[in-house]
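Peer 1: how would this look folded up:
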Amino acid sequence: MSVYTSLSQAQIEQFIGSYGFTSLKQFSGISAGIENTNYLLNTAQGDFVLTVYEHFKAHEVSDYLRLMQQLSETADYYPCPLSDSKQQTLRVLSNKPAALFKCLPGESVAIATLKQCQSIAAALARLHLSSPAIQFTKKNPRSLIDLQASAQQIAQHLSAQDLALLTDELAYQSNQETDHLAQGLIHADLFKDNVLFIGDTVTGLLDFYAACCDCFILDVAVALNDWCIDEQGSFEQAKQQIFLQAYQSVRRFSVEEEQVLPVFLRRASLRFWLSRLEHRFNSRAGEITQDKDPDEFKLLLLRHRETV
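Peer 2: This is a model prediction of the structure:
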């Protein structure tokens, strides 16, 4: 949620006028995240989030907006895109797809409490259980084959040590059988900065633009790799157990899922190590941007490799 597209007050006022909002009190860019441009708008009708999609085509955005409409019917912590006077949820702003959302209450957390881990784990399990009723079929754009292609593109930028680690991990992952695992809709990016809380209650489950259909256990691993990290960057095994217990109070793992969780903790670490490296080597200019440290996930990958 960086700011790559700078908007004027006049542009924003014209945009929200189509929704019947006539008084823009103030607006500011949101710096969290790295994919889309987001503005927080304060109006006479309340607070809203304006999203400008930087590299999605209109039909791709439409798929995500329909997904969020469906999810918002299952729980009030999912953001639902607003419709304008023509009943359209997708519009164009600065020659790019754009949408408007009601700002959900709550705040994200830097370090999660045990109860917050339980709350988000249960919410993730409910998301997975809702999968059969949700019409969304996008394949994972960060599959193992895609990770291999990404590795080839950035190989020239890596040290010999990092390249050796990357090559070895990709070889290991390629030898794993995963087709038999339960699959469906996954968030694929459920980091703490994509969740809002009031106390220990989830009030916002955000940023579904990485959502796809893949193994549920991958989604669990992605979440564990962020929610179970302490202030020193170490992985908390005890917090993982609490997360897994809360998840399984809603949706039980199969025996196969339990067995391959360590494999997917490694794969999830690999996925975000690679994507952060890609962003660093191919960064886009922006008014407000974030460069997240790839080494956080390289070190986590090394830690998980020691346990398998």
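Peer 1: So the protein: which segments form each domain?
Peer 2: 9-102, 114-307 (automatic domain parsing).
Peer 1: Mind putting those domains into CSV with mean neighbour count and distance to V3?
Peer 2: From N, CA and C alone the C-beta is placed, and that goes for glycine too. Listed next are those as CSV, based on neighbours: other C-beta atoms under 10 Å; distance: least, C-beta to C-beta, whole Å:
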stretch, mean neighbour count, distance to V3
domain 9-102, 16, 4
domain 114-307, 17, 4
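Peer 1: how about JSON lines for the ones you listed, with mean pLDDT added?
Peer 2: Compiled in JSON lines, these are given as follows (pLDDT from 0 to 100):
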{"stretch": "domain 9-102", "mean pLDDT": "93"}
{"stretch": "domain 114-307", "mean pLDDT": "94"}
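Peer 1: Turn those domains into a markdown table, including distance to S108.
Peer 2: What follows is those, written out as a markdown table (distance: least, C-beta to C-beta, whole Å):
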| stretch | distance to S108 |
| --- | --- |
| domain 9-102 | 8 |
| domain 114-307 | 5 |
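Peer 1: Mind giving me the packing neighbours of the longest helix anywhere in the chain?
Peer 2: Taking DSSP state H as the criterion, the chain has its longest helix at helix 255-281. Helices and strands touching helix 255-281, as assessed by 3 or more C-beta pairs under 8 Å, 6 or more residues apart in numbering; DSSP states H and E, comprise helix 144-154, helix 160-174, helix 216-227, helix 295-307.
Peer 1: How far does that helix sit from its chain's centre?
Peer 2: Offset of helix 255-281 from its chain centre (C-alpha atoms, centre = their mean, to the nearest Å): 14 Å.
Peer 1: what angle separates that helix from helix 144-154?
Peer 2: Calculated by axes from the mean of the first three to the mean of the last three C-alpha atoms, to 10 degrees, helix 255-281 forms an angle of 20 degrees with helix 144-154.
Peer 1: Could you tell me the angle between helix 255-281 and helix 160-174?
Peer 2: Per the same axes, to 10 degrees, the angle that helix 255-281 makes with helix 160-174 is 150 degrees.
Peer 1: Which of the helices and strands packed on helix 255-281 sits closest to A110?
Peer 2: Nearest of the helices and strands packed on helix 255-281 to A110, taken as C-beta to C-beta: helix 216-227 at 10.9 Å.
Peer 1: Compute the inter-axis angle for the helix or strand just after the closest one and helix 255-281.
Peer 2: Counting by DSSP states H and E, the element after helix 216-227 in chain order, helix or strand, is helix 237-248. With the same axes, to 10 degrees applied, the angle from helix 237-248 to helix 255-281 works out at 120 degrees.
Peer 1: tell me which strands and helices helix 237-248 is in contact with?
Peer 2: In this structure, helix 237-248 makes packing contacts with helix 114-129, helix 216-227, judged by 3+ C-beta pairs under 8 Å, 6+ apart.
Peer 1: hmm, 6 Å instead?
Peer 2: Helix 237-248 is packed against helix 114-129, with contacts defined by 3 or more C-beta pairs under 6 Å, 6 or more residues apart in numbering; DSSP states H and E.
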